[in-house]
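*Asks:* Quick one, structure for this:
(one chain, ligands or ions: 2)
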Amino acid sequence: MIVDIIVDLQYGDCGKGKITHFLCKEHKYTHVVRYNGGCNAGHTIYHEGEKFVTHHIPAGVFFGVKSIIGPGCVVNTEKFMQELEMLESKGISARNLVKIAKNTHIITRNHLNEDGLDTKIGTTKRGNGPAYRDKYDRNGVRAEDVPQLSEFLIDFYEEMHQEGVIALFEGAQGFGLDVDWGDYPYVTSSHCTAAGALLNGIPPQAVRNVWGVAKAYETYVGTKNFQGEDPVFDEICEVGQEYGATTGRKRQVNWFDWNLFHKAFNINGVTHLVINKMDVLREVDAWKVKKGDEIYDLGAENMFKHFIGDSLSQTGATIYFSGDKARI
Ligand code: IMP
Ligand code: MG
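*Replies:* Ligands and ions are numbered 1, 2, ... in the order given. Have a look, this model is predicted:
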């Protein structure tokens, strides 16, 4: 088995969908697997000129590749069905490609109601936290318990542990939201790191590349105070269209967080790094980086690139700087 993993190195919304799309075009994957989270995620994908926002279904369906919701995820049955219909109605044949591991946990109506009352974290109100809590409390409902899902169920072990499997594992959310490594309690309830992919039943030695995705600045949605003082952050928000793909909420903006980035890079074992949305900083012409309490004004795009590249030169990682208008 060969596995490539895509992880987000910040607070989600770094453009993983775009990298999934790119890698699916470049490689012959037999499977694309979502490995954590539920419909709290919103993956924006531009496919053949059309914009798609998916929450549950992995992007493999756009390329005719078997797309699996792994056992590390949680699924809202109704939302899953709606998404499937949406894709089918837009000409993407997803019904025969999308599968759900039978031991994946389900987001129930009660989970949704409970999460709907959250004011502490600023969740997406998609029932994620309560669904994972009940999983670990051993009170959960699994996909195999839901008759409506029976046609989609697979045994994840049997599916993946076969000859010739080359799989792309796409993570949801990001390092800063990881339940263990994020800024607890302002986190999601799942494992957003490369380790989260392994938890789905993947042997470590199967991992080939880890694609770490970050943006040239930080964004975060939730209740904690995140946005810095500088008025340029509102400008970045507008230029970068920093509004949640799931909830439409305005994302708070701040400078690229050097310390968070290095921690995320090292813990995930990144082999390929993509820094997205360079074009946004180019447009507002502000190239700053936060390192602890210090803000470094790098002044120019090249200095920003050097600042990152030089610090990673020992790691051997391949680095790509990308903007929405550019191909990586
Ligand atoms: P939950 O995952 O809905 O419980 O939300 C917990 C925290 O993670 C909140 O701050 C959410 O805004 C954030 N969050 C969850 N999913 C995403 C995502 O896909 N992108 C960005 N933030 C997210
Ligand atoms: Mg998103």
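
*Asks:* and Ala172, helix, strand or coil?
*Replies:* Here Ala172 is recorded as coil under DSSP: H, G, I helix; E, B strand; the rest coil.

*Asks:* That one: how many residues sit nearby?
*Replies:* Residues near Ala172, counting by other Cβ atoms under 10 Å, number 30. For every residue, glycine as well, the C-beta is placed using N, CA and C.

*Asks:* let's number from 352 now, not from 1
*Replies:* Will do, 352 is the new start, and the previous item becomes Ala523.

*Asks:* just checking, it touches Cys390?
*Replies:* No: at 9.5 Å, Ala523 and Cys390 do not qualify as touching, with contact defined as Cβ atoms under 8 Å.

*Asks:* what residues does the stretch 402-551 of the chain put near ligand 1?
*Replies:* 472-475, 477, 479-480, 523-524, 528, 537, 539-540 (Cβ under 6 Å from any ligand atom).

*Asks:* unless I'm mixing things up, His542 is touching Asn387, no?
*Replies:* Yes: counting by Cβ under 8 Å, His542 touches Asn387, with 5.6 Å between them.

*Asks:* overlap in contacts of the two?
*Replies:* Gly423 (Cβ atoms under 8 Å, 6 or more residues apart in numbering).

*Asks:* For the two, work out which one has more neighbours and name it.
*Replies:* Between His542 and Asn387, counted using other Cβ under 10 Å, the more crowded position is Asn387 (28 against 23).

*Asks:* Enumerate every residue touching the more buried one.
*Replies:* 421, 423-424, 522-524, 541-543, 547-548.

*Asks:* Need the max-distance pair from those.
*Replies:* Gly421 and Gln524 (14.5 Å; Cβ to Cβ).

*Asks:* Can you tell me which of the contacts of Asn387 comes closest to ligand 1?
*Replies:* Ranked by distance to ligand 1 (Cβ to the nearest ligand atom), these are led by Gln524 at 4.7 Å.

*Asks:* For the closest one, give me the backbone phi and psi.
*Replies:* Main-chain torsions, Gln524, degrees, to the nearest 10: phi 50, psi -140.

*Asks:* Run a quick neighbour tally on it.
*Replies:* Neighbour tally, Gln524, other Cβ under 10 Å: 29.

*Asks:* What's the separation between Glu465 and Gly478?
*Replies:* Separation of Glu465 from Gly478 (Cβ to Cβ, to the nearest Å) stands at 7 Å.

*Asks:* now, which of the contacts of Asn387 lie within strands?
*Replies:* For the contacts of Asn387, membership in strands holds for none, with DSSP state E as the criterion.

*Asks:* which of those are buried?
*Replies:* When the contacts of Asn387 are checked for burial by 16 or more other Cβ atoms under 10 Å, the buried set is 421, 423-424, 522-524, 541-543, 547-548.

*Asks:* which of the residues you listed lies closest to Gln499?
*Replies:* Nearest to Gln499 among the buried ones among the contacts of Asn387: Cys424, at 16.8 Å, using Cβ to Cβ.

*Asks:* residues contacting the closest one?
*Replies:* 385-389, 407, 455-456, 523, 541.

*Asks:* which helix in this structure runs the most residues?
*Replies:* For the chain, the longest helix by residue count, based on DSSP state H, is helix 428-440.

*Asks:* roughly how far out does whichever helix or strand comes after it sit from the chain middle?
*Replies:* Using DSSP states H and E, the next helix or strand after helix 428-440 towards the C-terminus is strand 449-452. From the chain centre to the centre of strand 449-452 is a distance of 18 Å (Cα atoms, centre = their mean, to the nearest Å).

*Asks:* Only alpha carbons, please: show strand 449-452 as CSV.
*Replies:* Provided in CSV are the C-alpha atoms of strand 449-452 (Å, rounded to 0.1, in the frame of the first residue of the first chain):
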residue,chain,number,x,y,z
VAL,A,449,-18.4,6.8,-2.6
LYS,A,450,-18.1,4.4,0.3
ILE,A,451,-18.3,4.6,4.1
ALA,A,452,-16.3,2.5,6.5
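
*Asks:* strands paired with that strand, and their directions?
*Replies:* Taking DSSP bridges as the criterion, strand 449-452 forms sheet pairs with strand 417-420 (parallel), strand 504-505 (parallel).

*Asks:* ok, Ile659 touching Val621?
*Replies:* No: using Cβ under 8 Å, Ile659 is not in contact with Val621; the gap is 11.9 Å.

*Asks:* The contacts of Cys424: which two are farthest apart?
*Replies:* Spatially, the most separated pair among those is His456 and Ala523, at 14.5 Å (Cβ to Cβ).
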